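[1] what's the 3D shape of this:
(4 chains)
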Number of protein chains: 4
Amino acid sequence: MAEQHIRVAIVGSTGYGGVELIRLLQHHPNVEITSVISSSSSGVPISDGFPHLTNIIKRNLDGVDPAEMAERADLVFTATPSGVSAKLVPQLLEAGLKVVDLSGDFRLKDGAAYEKWYKHDAPDADVLASAVYGLCEIYGEQVREVDFISNPGCYPTATLLGLIPALKAGWIDHSGIIIDAKSGVSGAGRGTSLTTHYAEINENFKAYKVNKHQHIPEIEQVLSQESGQEVTVTFTTHLVPMTRGIMSTMYAPLLGHYSEEDFIQLYREYYKDRPFVRVRSQGIWPSTKEVSGSNFCDIGFAVDERTGRVTVISVIDNVVKGAAGQAIQNLNLMMGWEESLGLAFTPVYP
Amino acid sequence: MAEQHIRVAIVGSTGYGGVELIRLLQHHPNVEITSVISSSSSGVPISDGFPHLTNIIKRNLDGVDPAEMAERADLVFTATPSGVSAKLVPQLLEAGLKVVDLSGDFRLKDGAAYEKWYKHDAPDADVLASAVYGLCEIYGEQVREVDFISNPGCYPTATLLGLIPALKAGWIDHSGIIIDAKSGVSGAGRGTSLTTHYAEINENFKAYKVNKHQHIPEIEQVLSQESGQEVTVTFTTHLVPMTRGIMSTMYAPLLGHYSEEDFIQLYREYYKDRPFVRVRSQGIWPSTKEVSGSNFCDIGFAVDERTGRVTVISVIDNVVKGAAGQAIQNLNLMMGWEESLGLAFTPVYP
Amino acid sequence: MAEQHIRVAIVGSTGYGGVELIRLLQHHPNVEITSVISSSSSGVPISDGFPHLTNIIKRNLDGVDPAEMAERADLVFTATPSGVSAKLVPQLLEAGLKVVDLSGDFRLKDGAAYEKWYKHDAPDADVLASAVYGLCEIYGEQVREVDFISNPGCYPTATLLGLIPALKAGWIDHSGIIIDAKSGVSGAGRGTSLTTHYAEINENFKAYKVNKHQHIPEIEQVLSQESGQEVTVTFTTHLVPMTRGIMSTMYAPLLGHYSEEDFIQLYREYYKDRPFVRVRSQGIWPSTKEVSGSNFCDIGFAVDERTGRVTVISVIDNVVKGAAGQAIQNLNLMMGWEESLGLAFTPVYP
Amino acid sequence: MAEQHIRVAIVGSTGYGGVELIRLLQHHPNVEITSVISSSSSGVPISDGFPHLTNIIKRNLDGVDPAEMAERADLVFTATPSGVSAKLVPQLLEAGLKVVDLSGDFRLKDGAAYEKWYKHDAPDADVLASAVYGLCEIYGEQVREVDFISNPGCYPTATLLGLIPALKAGWIDHSGIIIDAKSGVSGAGRGTSLTTHYAEINENFKAYKVNKHQHIPEIEQVLSQESGQEVTVTFTTHLVPMTRGIMSTMYAPLLGHYSEEDFIQLYREYYKDRPFVRVRSQGIWPSTKEVSGSNFCDIGFAVDERTGRVTVISVIDNVVKGAAGQAIQNLNLMMGWEESLGLAFTPVYP
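    Numbers count the residues shown, from 1 in each chain, chains lettered A, B, ... in the order given. Below you'll find the predicted structure:
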């Protein structure tokens, strides 16, 4: 029988992922936040850096102390930069805590690939092997049995949910997948830089890390696993002058004659028990605002008979389904609760 | 004893106020939406016009039929344009429904003033007299006893909550009040126009209706009532290139030596039992994003000893505290429920 | 010998293309605007609708009268909606006027294709045959000899300049071209609609007309002509929440081993005498703000050895190089003037 | 007789003021940029940091060396941070260079006030005394005779041009002036900070430095000088989520019965020979986009007979009229050239 209550700590509470966990968990009936943790600002009220939390969470930020966390909490969300989680998470697991890790440190099963793409030392191999990749709509069953989840990246979430049903059905050619991805600027985090300086990115649209984004091996790892073939993708990332939202526009050659209606039925069937995937009707494609502030992933299709290709369009809120929301969805699954518990936020529109 | 459940209908469900009522009420434990109503689009699924509601509310839009509403619902939110509510609300009340009206039709107690500022025929005098002005933090006690609430305007809400405590305390000169107000573009509604055309208002900041906004008499009516003196204000409205948020920057001559700390204490005391007003600490002023998506009104102060004036800065989300959120707050008070029931949304940040 | 002066009229002076022609031509040493024309607002000062032109152009809008235009002007820019130019341009040519047409009516050489994609009656076949497609960097020599130019579309300009050198060199596979295009909202024109309503598209990113945009046949016509093979492309258009700018992100399979440096040299050589194409250095991709307000088209490359594909990124200001600027560039070429005369605007940054 | 040509150097070429000087001076017929200077990035091409200048200015950044500047240039624009100019400008003057200083270091005639508001050591008293305050429309005659100009601040430019005619005419009460000012984010410069981090200020409107902005003593100094009375103002600054533009909304008690038409005539007469001030017609107020990219200051009025106050609305582009454009206007006046030479940019719209 599922437990009815859990105490959680959030490491990285001064980043956007951490603060979004706080926002969402305020509405979760079974969760109590017992510690908000920041390595850089411990001792000061969290509302000093985030005045929107005034009167909502009056707690001071705690420092990073695994033993203390183990006393105060049952589960830790680590919304920490890459390289930090690799070292911290083993200590938390050792201390008997459950962990949902939002960094990218435990997503790639191949430590060498991690070191190549992330430029950090790979985590301990045993711990890495124990991490379950928490793409809930695909691996929800595996998540139910474990204590340590590696939460997927924002781009991979939108992309994988958009590609897997067609790839598994054998409808698209795994060697011809091109992914043109776009993200709001919050995806770059709260650290200041010229790229995220308002006057530089406002009224601007730019590509970055073309063919070099660390989410590429994560996408390829999952697509290869799901299709049983080695999949290599072309993947471009762009910054959109808006705060929240990701769209993946994905192109693939068709391996047969499939109509848009065929795709819609395939995906609706595939996701029929998943509350957070919504498949659009024929001729309608989702826009990022239609999922903003919510945990939904919305998907639409265009089949081009002239070129024999399908275009799949998938959108999420990068901070929710692409980070904090999916982390809570994983928590729900780990605890044996309903997947959408405390997460049924209606998108904020307009 | 308070009832534990209510059925509501929403007239104007294809406008931003109506659709925000739907978003917020999804999280209200005691409310069931039994009809979403639009005079222009009845018969089609509401998610056709608002795809973000896909799978959330599967209902078709109903037409405007008071008798039918009376069968289906106990209370109606009328999020209708000015001039429409004036005619519709009397029929709803007649049919035995409770009403929270979000239009401006029942705010001005003086029908002639209404006709001058709104350019519509004034509502029936008896019905007008029966409307209680639902500025919850000021008139919360009156709201508890009635069936018909006139929900305040967005600018008046931010402005009045920022001025009333100082005015009632006799700290500021009622003859010298200047209000410089700024609103996000959603305040102009969903009807298209050149002013709200993206390329015209993006990267633009503009004043409009200077000295002529219909919220002026509403503000003056309440300030006069609260101060016991006839108050006339200078009031300027501006459009900010953002979707949500209102800031009122208010200036008034001081009638004595009061420090910023004095103001903070006065306001914290005044609002001490009101969950949705947050008074900032000395030297800190609220910004609109800090209340976005929530029902909060945040207030800060600057006292200028050089000029003997106080500057009060008050922010709200115009669609929530300035419209749908406050309407639900009024519903809670009318029903004898806790003021914040189903409304304790953490601001969406960033 | 080139003439030193020309009188021009602008039809469609109340649209964004027309008003940008006015802005740019204020700085042209050889051009005098002798008539600004609008079918809908004739008789009123142009600054009534465009206050930014106060004191700059004091002229009243004229009506659409070919005979009058022929008296006042030597050349007409027709910045008119599709379907209007098809009927108007023949009358202007008949009256002895030179014409640069900014609508799409004379771009497709195949009248049946025009009718299929534009849903209007095709223009007169002889007039259509006489139109020269004014993509200056590709067809500059042809433009020098004619009186009637069809100005390219905004998406085709960014796309074709990015693809033609590689396609002509035989470096990329013409059957595998995928174009993911993004545009600022000004591209949708000044007519109001829900899609361009501020609160709907701000903080939103959306795809539209997927596989159905009328610029597809224009792109294919030119690519086919340049490559000598029938080219069919997959082409997706998206709206970016910003006012100006287009980016085309283009994907194609490589037909050999070519490095990014190879592409850079190829393109720099190809465009070496063209003042408005700038090829970025290795590892650097252009962003839309870097060309904003100017007539530049900036291009960058990424070669992915893992997948054997090249990604070409091309940006323009849709209102300048994608419309009014290129129209003036065509005027310069038609008149035998220097291509960049009066057009050497530095991008507005930030 | 006026000289026909000048060589200029720009110190601070990696800031927004410096780079805008470069943009505007590309179009100036009498100016040659012979050195672009940065203390932090000397030796690298300026287009490395500002790719929009690719192929436009191929120069490497020089270091800060007064002797070298004196060899290469006749005049220096110092677009340097406060505190830097105070030390550098005396050396430049000593070396025989003309100077237009865009920092605030030489605006306040009272060194003690400078130290109080700017928190830096005051400049040398003699040099300070020699600086002429270059608010061109007010002090244009004085500017014609000097070699050293202190270029006005962005907020003071918009504010002073909006207030001086009425104040000098004795129409408004100098003791009751309230200024509510709003600026685009580029005004904060190119240095990164959390305040100017995209995700923090996008979709946000915030007040800052209330009653504490260093432009307050600058405004008061000029208003006092022009009115012959000591003027103290209430002045609030806000950040608008857009890149360019300042609006000052100004309130003052009327000292008589003056209509909006009276104000319009007064201002049109006052500025009748100044090409860059445009006074709007009755009932029309300027918006920031209507001057964007140009050197205009547009002004409109609202008289409120109910309260006996006038509202003056004044807009500029903070980077042009509020910085680089006015600096060039000053250069033109210093050199005896036409005030608008090379500066007649049409606003960029939309």
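[2] how far does stretch A:235-245 stretch from one end to the other?
    17 Å (Cα to Cα, to the nearest Å).
[3] for A:Pro123, helix, strand, or coil?
    Secondary structure, DSSP: H, G, I helix; E, B strand; the rest coil: A:Pro123 is coil.
[4] pretty sure it sits against A:Phe106.
    Yes: between A:Pro123 and A:Phe106 there is a contact under Cβ atoms under 8 Å: 6.2 Å. Bear in mind the C-beta positions are built from the backbone N, C-alpha and C, glycine included.
[5] mind listing what the residue of chain A most remote from its centre touches?
    Residue farthest from the centre of chain A, counting by Cα atoms, centre = their mean, is A:Arg306 at 34.6 Å. Listed by Cβ atoms under 8 Å, 6 or more residues apart in numbering or on different chains, the contact set of A:Arg306 reads C:Asn211, C:Thr232.
[6] and what of the one 3 residues further on?
    Taking Cβ under 8 Å, 6+ apart as the contact definition, A:Arg309 lies against A:Tyr251, A:Ala252, A:Pro253, A:Leu254, A:Val303, C:Ile178, C:Thr234.
[7] quick check: A:Ser292 touching A:Arg244?
    Yes: the pair A:Ser292 / A:Arg244 is scored as a contact, 5.5 Å apart, by Cβ under 8 Å.
[8] which residues do the two both contact?
    Between them, A:Ser292 and A:Arg244 share these contacting residues under Cβ under 8 Å, 6+ apart: A:Asp317, C:Glu203.
[9] in the stretch 151-300 of chain A, which spans are helices?
    Ranges of helices in the stretch 151-300 of chain A, per DSSP state H, counting those that start in this stretch, are A:154-168, A:198-201, A:215-227, A:260-270.
[10] out of those, which is closest to D:Val312?
    helix A:198-201 (27.7 Å; Cβ to Cβ).
[11] by contact count, what packs against that closest one?
    helix D:198-201 (3 or more Cβ pairs under 8 Å, 6 or more residues apart in numbering or on different chains; DSSP states H and E).
[12] rewinding a little: can I get the helices of the stretch 151-300 of chain A in TSV with mean neighbour count, mean pLDDT and distance to B:Asn55?
    Below are those laid out as TSV (neighbours: other Cβ atoms under 10 Å in any protein chain shown; pLDDT from 0 to 100; distance: least, Cβ to Cβ, whole Å):
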stretch	mean neighbour count	mean pLDDT	distance to B:Asn55
helix A:154-168	26	98	15
helix A:198-201	26	98	33
helix A:215-227	20	98	25
helix A:260-270	17	98	11
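[13] for A:Lys98, grab phi and psi.
    Dihedral angles phi and psi of A:Lys98 (degrees, to the nearest 10) take the values phi -80, psi 150.
[14] ok, A:Ile316 next?
    Main-chain torsions, A:Ile316, degrees, to the nearest 10: phi -140, psi 170.
[15] contacts only, for it.
    Going by Cβ under 8 Å, 6+ apart, the list of residues near A:Ile316 reads A:Cys154, A:Thr157, A:Ala158, A:Gly245, A:Ile246, A:Val291, A:Phe296, A:Cys297, A:Asp298, A:Gly322.
[16] nearest to chain D, of those?
    For chain D, the nearest member of the contacts of A:Ile316 is A:Gly245. The distance, counting by Cβ to the nearest Cβ, is 11.9 Å.
[17] any idea of the pLDDT on A:Met1?
    Here the pLDDT value assigned to A:Met1 is 45.
[18] give me phi/psi at the closest residue to A:Leu343 other than its chain neighbours?
    Of all residues not flanking A:Leu343 in the chain, A:Asn295 sits nearest, at 5.0 Å (Cβ to Cβ, 6 or more residues apart in numbering or on different chains). Here is the backbone geometry of A:Asn295 (degrees, to the nearest 10): phi -100, psi 10.
[19] OK, contacts around A:Asn295?
    A:Asn295 makes contact with A:Phe276, A:Asp317, A:Val320, A:Lys321, A:Gly325, A:Gln326, A:Ile328, A:Gln329, A:Ser340, A:Leu343, A:Phe345 under the criterion Cβ under 8 Å, 6+ apart.
[20] for chain D, see how far away it is.
    Distance, A:Asn295 to chain D, using Cβ to the nearest Cβ, to the nearest Å: 20 Å.
[21] which ones among the contacts of A:Ile316 also lie next to chain B?
    Here is what survives when the contacts of A:Ile316 are matched to chain B using Cβ under 8 Å from any Cβ of the partner chain: A:Val291, A:Asp298.
[22] and the contacts of A:Ile316, which two are the farthest apart?
    Most distant of those, by Cβ to Cβ, are A:Cys154 and A:Asp298, 14.9 Å apart.
[23] inside helices: which ones of the contacts of A:Asn295?
    Mapping the contacts of A:Asn295 onto helices (DSSP state H) picks out A:Gly325, A:Gln326, A:Ile328, A:Gln329.
[24] and stretch A:194-201, how far from the chain's centre?
    Here stretch A:194-201 is found 24 Å from its chain centre; the criterion is Cα atoms, centre = their mean, to the nearest Å.
[25] A:Ile164 touches A:Gln225, doesn't it?
    No: taking Cβ under 8 Å as the definition, A:Ile164 is not a contact partner of A:Gln225, at 9.9 Å.
[26] who in chain A is up against chain B?
    Checking chain A against chain B by Cβ under 8 Å from any Cβ, the hits are A:16, A:19, A:22-23, A:26-27, A:50-56, A:186, A:203, A:243-244, A:278, A:280, A:284, A:286-287, A:289-294, A:298, A:344-350.
[27] please repeat the previous calculation with a cut-off of 6 Å.
    Applying Cβ under 6 Å from any Cβ of the partner chain, we find that chain A lies next to chain B at A:23, A:26, A:51-52, A:54-56, A:186, A:243, A:278, A:290, A:293, A:346-350.
[28] and the helix or strand hosting A:Val303, how far from the chain's centre?
    Element membership for A:Val303, per DSSP states H and E: strand A:297-304. Remark: strand A:297-304 is offset 20 Å from the chain centroid, using Cα atoms, centre = their mean.
[29] for the stretch 51-200 of chain A, what lies in contact range of chain D?
    Applying Cβ under 6 Å from any Cβ, one finds that the stretch 51-200 of chain A approaches chain D through A:Val185, A:Ser186, A:Thr192, A:Thr196, A:His197, A:Tyr198, A:Ala199.
[30] and the furthest pair within the residues you listed?
    Across these (Cβ to Cβ), the longest gap, 17.3 Å, separates A:Ser186 and A:Ala199.
[31] what does the strand holding A:Val303 contact?
    A:161-162, A:259-260, A:263, A:277-280, A:284-286, A:290-291, A:310-316, A:321, C:210-211, C:234 (Cβ atoms under 6 Å, 6 or more residues apart in numbering or on different chains).
[32] quick revisit: narrow the residues of the stretch 51-200 of chain A next to chain D to those that are buried.
    A:Val185, A:Ser186, A:Thr192, A:Thr196, A:His197, A:Tyr198, A:Ala199 (16 or more other Cβ atoms under 10 Å in any protein chain shown).
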